[in-house]
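Enquirer: Next come a sequence and a model predicted from it.
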Amino acid sequence: MPLAEKQTMFSPEETEECRRLATVALEEDLGDAGDLTSDVLIPAERIGAAVLVGRQPGVLAGLQAAELTFALVDPTLMFEAVSSDGSLLRPGDRLAVISGKACSILRGERTALNFLQHLSGIATLTRRYVDAVAGLSCQILDTRKTLPGWRMLAKYAVRQGGGHNHRMGLYDGILIKDNHLAALADRADPIGEAVRLAREKHGTSVPLEIEVDTLAQLEFALKAKPDIILLDNMPPSDLRQAVRRRNEVAPGVLLESSGGITLDTLRALAETGIDRISIGALTHSAPALDIGLDYLP
């Protein structure tokens, strides 16, 4: 089936975002002159085939991005998926076979792999964090700490790894942080005032979260009853106290931990009874997963 006719796991919005990114990436790689090496060495009419192969264990994400990249290079290329996003990979696993003009495959190779390696790296790291809290009710969430322009696809990759998405941007959720509260420092209860103003403007149409740094601030936040309270850089002992206090006075409010969290500290934080842990490293520090493209005889 020609690439343009195939359905993908991306939503329509993700597909459009991927097309935009892939177009920019191909322009960056090919410039005005194209692939000088392939144009010199390979006859334009030569037909070939290649396979995308996993080189290390991980979680696959972005197969549709690779497919779309090859389609933008040459709509006549055939892309046959052998695996699917969210799959666990072992070294040597085949992901997809691409066939058609050899020059076209070479033109799209690096850009397609860049998408696959980056997104699979995010999915793989996310799965490690998700596995670390297995058996507990705590959710693992991403943040807005993403490569500029890549946020929608990065958050897609987080979901493929079993994680959950925080707000997409500043436009679809309210998160009141210390710098926001500084603007209300002259009020008797800056936290309560901030929640009141947010509710007055938006009601319950968007999630409302507020960040606190201390258990003293937590008391004001619980009284204001936002949807979520973000407990920033709190140790497990404080988190346990926060959970007990939340259960006593505001059981409907979710508690989220964030700040300086690593795989080594994650389990102890989740065992305190908090509902969510948000981790910027999922998207800003995920190493690329090693994926290659091998030409078939």
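Expert: That came through fine.
Enquirer: What separation do you get for residue 210 and residue 253?
Expert: Using C-beta to C-beta, to the nearest Å, residue 210 is found at 10 Å from residue 253. C-beta: built from backbone N, CA, C; applies to glycine.
Enquirer: Which one's more surrounded, the two?
Expert: residue 210 (26 against 19; other C-beta atoms under 10 Å).
Enquirer: so the more buried one touches residue 230, yeah?
Expert: Yes. Look at residue 210 against residue 230 with C-beta atoms under 8 Å: they come within range, at 6.9 Å.
Enquirer: can you list residues touching both of these two?
Expert: Common contact partners of residue 210 and residue 230 (C-beta atoms under 8 Å, 6 or more residues apart in numbering): residue 175.
Enquirer: Quick check: closest non-adjacent residue to residue 220.
Expert: Setting aside the residues directly before and after it, residue 220 is nearest to residue 191 in space (C-beta to C-beta, 6 or more residues apart in numbering), at 4.1 Å.
Enquirer: contacting residues around residue 156?
Expert: 10, 14, 61, 119.
Enquirer: In strands only, show me those.
Expert: Members of the contacts of residue 156 lying in strands (criterion: DSSP state E): none.
Enquirer: can you list these in JSON lines and add distance to residue 25, pLDDT and neighbour count?
Expert: Formatted as JSON lines, those follow (distance: C-beta to C-beta, whole Å; pLDDT from 0 to 100; neighbours: other C-beta atoms under 10 Å):
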{"residue": "10", "distance to residue 25": "16", "pLDDT": "95", "neighbour count": "22"}
{"residue": "14", "distance to residue 25": "16", "pLDDT": "97", "neighbour count": "17"}
{"residue": "61", "distance to residue 25": "17", "pLDDT": "97", "neighbour count": "31"}
{"residue": "119", "distance to residue 25": "13", "pLDDT": "98", "neighbour count": "31"}
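Enquirer: any chance of those residues in a markdown table, plus distance to residue 135?
Expert: Output for these, formatted as a markdown table (distance: C-beta to C-beta, whole Å):
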| residue | distance to residue 135 |
| --- | --- |
| 10 | 31 |
| 14 | 31 |
| 61 | 24 |
| 119 | 27 |
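Enquirer: Can you show me the strands along the stretch 1-150 of the chain?
Expert: Counting by DSSP state E, counting those that start in this stretch, the stretch 1-150 of the chain has strands at residues 47-54, 58-59, 78-81, 88-89, 94-101, 139-141.
Enquirer: which parts of the third one are buried?
Expert: Taking 16 or more other C-beta atoms under 10 Å as the basis for neighbour counts, the residues of strand 78-81 that come out buried are 79, 81.
Enquirer: again, but for the first one
Expert: For strand 47-54, a neighbour-count test (16+ other C-beta under 10 Å) marks 48, 50, 51, 52, 53, 54 as buried.
Enquirer: Turn the residues you listed into CSV, columns for pLDDT.
Expert: Output for the buried residues of strand 47-54, formatted as CSV (pLDDT from 0 to 100):
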residue, pLDDT
48, 96
50, 98
51, 98
52, 98
53, 98
54, 98
